[in-house]
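Visitor: Next comes the sequence, and after it the predicted model I'd like to discuss.
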Amino acid sequence: GAVVSQHPSRVICKSGTSVKIECRSLDFQATTMFWYRQFPKQSLMLMATSNEGSKATYEQGVEKDKFLINHASLTLSTLTVTSAHPEDSSFYICSAIPTSYGYNEQFFGPGTRLTVL
Amino acid sequence: DAKTTQPNSMESNEEEPVHLPCNHSTISGTDYIHWYRQLPSQGPEYVIHGLTSNVNNRMASLAIAEDRKSSTLILHRATLRDAAVYYCILRASAGGTSYGKLTFGQGTILTVHP
């Protein structure tokens, strides 16, 4: 089956630093990837839609200058949290849609837990 | 976006069937009904989806009301590994800015007792 990986799985950083999270589709190509964040005991909140070769589309209320998304290839999207602060601590999850599947199924990564001290 | 309503939690015993309800009274004619589940500290996992007809796969069955205002996810024999948060989501069909996007609600926490 289609597999999505994320790296790193956990990261702890100091306030003010930037953190990059990678999302890779391992055995398929994905024109579209999505980034979500999830706070403890809450549901997933869509942050942005990432399309290969074009600018990401951010959901209302998500700061595009703070959460930089790059989808440079059909198998890799990255999310960079710039100047991270404790309130950015969260579980970040990506998902990918195989180019050949249509939109019937999204495949999710295992998530990255970010802790900002 | 059309919204869904699910019970906050449900409980089941192992090897018994589980029926997880979902109300979506404002569903549009072209919205697909998707179900995903999320185990603790993991990304969500696709379960099943449908448009109008009932659907079956190796994981579950999806029963869709004739008026499409509600649906039920059926796990035929619950196992301990089925304990998760189950999300019922409406996905817009082709076209428009919402195409392909999934908007997660609060979901139903399913507890399975041995």
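Guide: Received, thanks. Numbers count the residues shown, from 1 in each chain, chains lettered A, B, ... in the order given.
Visitor: Run a quick neighbour tally on whatever residue of chain A ends up closest to chain B.
Guide: When you check chain A against chain B by C-beta to the nearest C-beta, the closest residue turns out to be A:Phe108, at 3.3 Å. Every residue, glycine included, has its C-beta placed from N, CA and C. By the criterion of other C-beta atoms under 10 Å in any protein chain shown, A:Phe108 has 23 neighbours.
Visitor: now A:Thr17
Guide: For A:Thr17, using other C-beta under 10 Å, the count is 14.
Visitor: Correct me if wrong: it contacts A:Ala84.
Guide: Yes - contact criterion C-beta atoms under 8 Å: A:Thr17 and A:Ala84 qualify, at 6.0 Å.
Visitor: For beta bridges, what are the partners of A:Leu46?
Guide: Residues in a beta bridge with A:Leu46, per DSSP bridges, are A:Tyr36.
Visitor: brain fart, B:Tyr32
Guide: When bridges are called by DSSP bridges, B:Tyr32 pairs up with B:Arg91.
Visitor: re the thing from before, okay but the residue of chain A closest to chain B is in contact with B:Tyr87, surely?
Guide: No - using C-beta under 8 Å, A:Phe108 is not in contact with B:Tyr87; the gap is 11.4 Å.
Visitor: which SS state does A:Ile93 fall under?
Guide: At A:Ile93 the chain is in strand, as set by DSSP: H, G, I helix; E, B strand; the rest coil.
Visitor: Distance check, the residue of chain A closest to chain B against A:Ile97.
Guide: 11 Å (C-beta to C-beta, to the nearest Å).
Visitor: so which helix or strand takes in A:Leu68?
Guide: For A:Leu68, the enclosing helix or strand under DSSP states H and E is strand A:67-73.
Visitor: Could you identify the helix or strand that succeeds that strand?
Guide: As assigned by DSSP H and E, the chain's next helix or strand after strand A:67-73 is strand A:76-81.
Visitor: Quick one: list the elements packing against that next one.
Guide: strand A:19-25, strand A:30-38, strand A:67-73, strand A:90-98 (3 or more C-beta pairs under 8 Å, 6 or more residues apart in numbering or on different chains; DSSP states H and E).
Visitor: So for B:Thr5, which of those strands sits nearest?
Guide: strand A:30-38 (20.3 Å; C-beta to C-beta).
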